[in-house]
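1. need a structure here:
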Amino acid sequence: MVKTKLKSSQKNFKFFSYFIFSCLIIFTLILIIFFIEQVYFLNNEISALKSGQKINYLSKASVINTKINNDRAIKEEKYFSLPESQQNFDDLSFKSSQDGSNFAYITRSDNNETLYINGKETASNEKISFIEFSSDGQRFAYGIKNNKKDQVVLDGQAGQVYDWIFMPYFFTPDNRYFVYKARKDEGDVIVFNNIESKAYDKIYSIFVTSNKKQLVFYARKALEIWKVTVNLDDLSFK
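-> Numbers count the residues shown, from 1 in each chain. Below is the predicted model of the structure:
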C-alpha cells in the first residue's frame, strides 16, 4: 500500500515538474518574441528619423511619411531686415497683423524696452507688456509699465493709468473696440477703447460669443456673482 502511494506521488511530481518546465519554456519564448518585436520597431524608428519621416506613435505597425515637398507647399520670402546698428536681438519679440501689412517688434536692454512699428521707433519704456493688431491691420494697441503702473496706448492715444492690466486683451471681431480688464482702487473694470465699465470686486472670465455679437463676462460684487452681457452692436459712448 505504501509503495503504491509512493509511486503515485512520484508520478504526480514528475507531471508537475514537466508542467512547470513547459510553462517556463513558453514564457521564455514569449519574452524572446517581444524583445525581437521591440528591436524591429526601434530600428524602424531610427531609419525613419534619419530619412526625415514623421513617426506615427499611435500605431507601431505603421510609419507614416509626412515629408513636405518644400518647393510646392512652403514659400519663403524676406519680410524685413533688422537694423545693423542694433546687434543684440536674442530677446526680440515680434508680431505682425493677420494680413501681414503691418508689424511690430520689441527690443530689450538692461533697464528699458523699445517698441518699433513697421521699423520705426514708437515708444520706449521700462516695459512693453504686450502688442496687438486688429484683424484688418488698421488699428494697433500696446501696453506699457512705468513705476509699477500699467497703461494701454490705443492708436497712439494713451489711456488711463491702472494698478494692473490683465489678459485677455483683444480687439472685438468688428475691430471697433479694444477690450481689456484692469484693476484700480475701486475694483476691477472692463475697458472698451479706454472707456470703463462699472467697477466690481473681481472680474473673472471675459469672452466674445460665437455669433460675435456679444461680449460676456462674470464678476463678483460682495457675495453675489453677476453675468454681464454687452451687445456690441448697441455699444456707444458719449
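
2. Put the alpha carbons of stretch 183-194 into PDB.
-> Below are the C-alpha coordinates for stretch 183-194, written out as PDB (Å, rounded to 0.1, in the frame of the first residue of the first chain):
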ATOM      1  CA  ARG A 183      -7.700  97.000 -11.700                       C
ATOM      2  CA  LYS A 184      -7.800 100.200  -9.800                       C
ATOM      3  CA  ASP A 185      -8.700 101.300  -6.200                       C
ATOM      4  CA  GLU A 186     -12.400 100.900  -6.700                       C
ATOM      5  CA  GLY A 187     -12.100  97.300  -8.100                       C
ATOM      6  CA  ASP A 188     -11.900  95.600 -11.500                       C
ATOM      7  CA  VAL A 189     -13.200  97.200 -14.600                       C
ATOM      8  CA  ILE A 190     -13.600  96.200 -18.300                       C
ATOM      9  CA  VAL A 191     -12.300  98.900 -20.600                       C
ATOM     10  CA  PHE A 192     -13.700  99.500 -24.100                       C
ATOM     11  CA  ASN A 193     -11.500 101.900 -26.100                       C
ATOM     12  CA  ASN A 194     -10.200 103.400 -22.900                       C
END
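
3. Would you mind checking the average pLDDT for it?
-> Here stretch 183-194 scores 93 as its mean pLDDT.

4. can you start the count at 22 instead of 1 from here on
-> Okay, residue one is now 22; in that scheme the one you just asked about reads as stretch 204-215.

5. Now do that stretch: everything it contacts.
-> Here stretch 204-215 makes contact (CB atoms under 8 Å, 6 or more residues apart in numbering) with 173, 175, 178, 180-181, 183-187, 197-203, 217-224, 227, 238, 240, 249, 251, 256, 258. Every C-beta, even on glycine, is put in place using the N, C-alpha and C of the backbone.

6. rerun at 6 Å
-> Contacts of stretch 204-215 from elsewhere in the structure, counted by CB atoms under 6 Å, 6 or more residues apart in numbering, are 180, 183-185, 198-203, 217-218, 220-224.

7. How about that stretch, which residues are buried there?
-> The neighbour-count check on stretch 204-215 (16 or more other CB atoms under 10 Å) flags 204, 209, 210, 211, 212, 213, 214, 215 as buried.

8. In strands, which of these appear?
-> 204, 209, 210, 211, 212, 213 (DSSP state E).
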